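Asks: pasted the sequence and its predicted model underneath.
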Amino acid sequence: MAMLDLLKAEDIKKALEAVAAEDSFDHKKFFELAGMKAMSADNVKKVFQALDVDASGFIEEEELKFVLKGFAKDGRDLTDAETKAFLEAADKDGDGKIGMDEFEALVHE
């Protein structure tokens with residue numbers, strides 16, 4: 001499923017513009033601007049599946065660095081500090097990766 005099947009192009013653009021500067025990524029602001037906070041849990045899980053590039057059932061740190069490119073090809077890479085902060089915010093069980101339920105909980109927190 002393509003991201004544009006789940007989210008509006010203008011919302012994605014707005015969210016990406018808000019985090020365009022390096023070290024400006026704020027997952028809460030991004031999820032809200034992209035329209036994800038208002039989505040059902042099922043649709044957030046579909047977004048997760050689109051971001052889980054290797055279909056492992058988890059978003060690992062390597063995938064997380066490129067998460068903005070999952071929303072749009074011209075999305076920037078997250079810095080190492082942003083990647084670590086995002087992972088720490090979402091990884092509630094401490095296994096070093098983000099599961100589908102952790103991702104959904106983070107979007108709706």
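Replies: Done, it's in.
Asks: quick check: next helix or strand after the strand or helix carrying residue 86?
Replies: Per DSSP states H and E, residue 86 falls inside helix 80-90. Per DSSP H and E, the first helix or strand lying C-terminal to helix 80-90 is strand 97-99.
Asks: could I get the buried residue list for the helix or strand of the chain with the lowest mean pLDDT?
Replies: Ranked by mean pLDDT, DSSP states H and E, the helix or strand of the chain with the weakest confidence is helix 61-64, at a mean of 94. The neighbour-count check on helix 61-64 (16 or more other C-beta atoms under 10 Å) flags 63, 64 as buried. Just so you know, the C-beta spots here come from the backbone N, C-alpha and C atoms, and that holds for glycine as well.
Asks: what packs against it?
Replies: Using 3 or more C-beta pairs under 8 Å, 6 or more residues apart in numbering; DSSP states H and E, the elements in contact with helix 61-64 are helix 80-90.
Asks: in the helix it packs on, what counts as buried?
Replies: Those buried within helix 80-90 under the rule 16+ other C-beta under 10 Å are 82, 83, 85, 86, 87, 90.
Asks: now do stretch 9-21
Replies: Buried residues in stretch 9-21 (16+ other C-beta under 10 Å): 11, 12, 15, 16, 18, 19.
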